[in-house]
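*Asks:* Next one to model:
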Amino acid sequence: MMTPDYCRMMARYNAWQNKQMKAALEALDHETLTQDRGAFFGSILKTANHILWGDLIWMAKFDGGEPPSGGIPGSVDLNPTLAAWSADRFRTDARILNWARRVQTVELLGEMRWYSGAMGTNVAVPTPQCVTHFFNHQTHHRGQIHAMVTAAGGTGWNTDLVFMPKDGPWL
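*Replies:* You can find the predicted model right below:
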């Protein structure tokens, strides 16, 4: 059963990971961040933008806020620079943490329905599966970024959930 505590833990994990990832990305130059590395979304910055775009899409479903424009192909161009991405990422992580702090068990029941542009059809998916996917999507693509950063000679960061600090600050 999906619980609010799970959402809070994973929102904290997301913010913790993004804070560490931001520090690793800031140690790289713009050319390194934007070089095509053969990953699904090409570069480190494009992959970071895609994660952020996905977070904004899912948060719009969860909290009723405004989704970003465009679809998956345009997700990689959400922010042209690391500085712009960092500001947007910070705001989005705060939004995710605030949603997780407020979410109630009843909101995690049932199913979610929407038109999926990626699938080209209406879908209905159990809410717990949507929330799990939301957090898994972040982790999956951050893993790709971690691999690209270390392959580029940058420093990786601790990604182990079991070693997440018990107390913040999360942002």
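*Asks:* Give me the neighbour count for Met59.
*Replies:* If you count neighbours by other C-beta atoms under 10 Å, Met59 ends up with 20. Just so you know, the C-beta spots here come from the backbone N, C-alpha and C atoms, and that holds for glycine as well.
*Asks:* for the one 4 residues further on, same thing?
*Replies:* As a burial measure, Asp63 scores 14 neighbours (other C-beta under 10 Å).
*Asks:* Name the nearest residue to it, sequence neighbours excluded.
*Replies:* With C-beta to C-beta, 6 or more residues apart in numbering as the criterion, Asp63 has its nearest non-adjacent residue at 5.0 Å, and that residue is Trp99.
*Asks:* Quick check: buried residues in the helix or strand hosting that neighbour?
*Replies:* Using DSSP states H and E, Trp99 falls within helix 82-102. For helix 82-102, the neighbour count (16 or more other C-beta atoms under 10 Å) marks 82, 85-86, 88-89, 92-93, 95-97, 99-100 as buried.
*Asks:* where exactly do the helices run in this structure?
*Replies:* Using DSSP state H, the helices of the chain run over 4-26, 30-34, 44-63, 72-75, 82-102, 127-151.
*Asks:* For this protein, which residues score under the pLDDT cut-off?
*Replies:* Within the chain, not a single segment meets pLDDT under 70.
*Asks:* how much space between the closest residue in space to Ile51 that isn't next to it in sequence and His50?
*Replies:* Excluding its sequence neighbours, the residue lying closest to Ile51 (C-beta to C-beta, 6+ apart) is His141, at 4.7 Å. Going from His141 to His50 by C-beta to C-beta, to the nearest Å gives 6 Å.
*Asks:* which one of these two has more residues nearby?
*Replies:* Neighbours were counted for His141 and for His50 using other C-beta under 10 Å; His50 has more, 25 against 19.
*Asks:* quick one, what contacts that one?
*Replies:* Counting by C-beta atoms under 8 Å, 6 or more residues apart in numbering, His50 touches 41, 72, 75-76, 78, 141.
*Asks:* do you know how far the residue nearest to it when sequence neighbours are not counted is from Phe41?
*Replies:* With sequence-adjacent residues excluded and distances taken as C-beta to C-beta, 6+ apart, His50 is closest to Ser75, at 4.5 Å. Between Ser75 and Phe41 the computed distance is 8 Å (C-beta to C-beta).
*Asks:* which neighbours do the two share?
*Replies:* The contact sets of Ser75 and Phe41 overlap at 49-50 (C-beta under 8 Å, 6+ apart).
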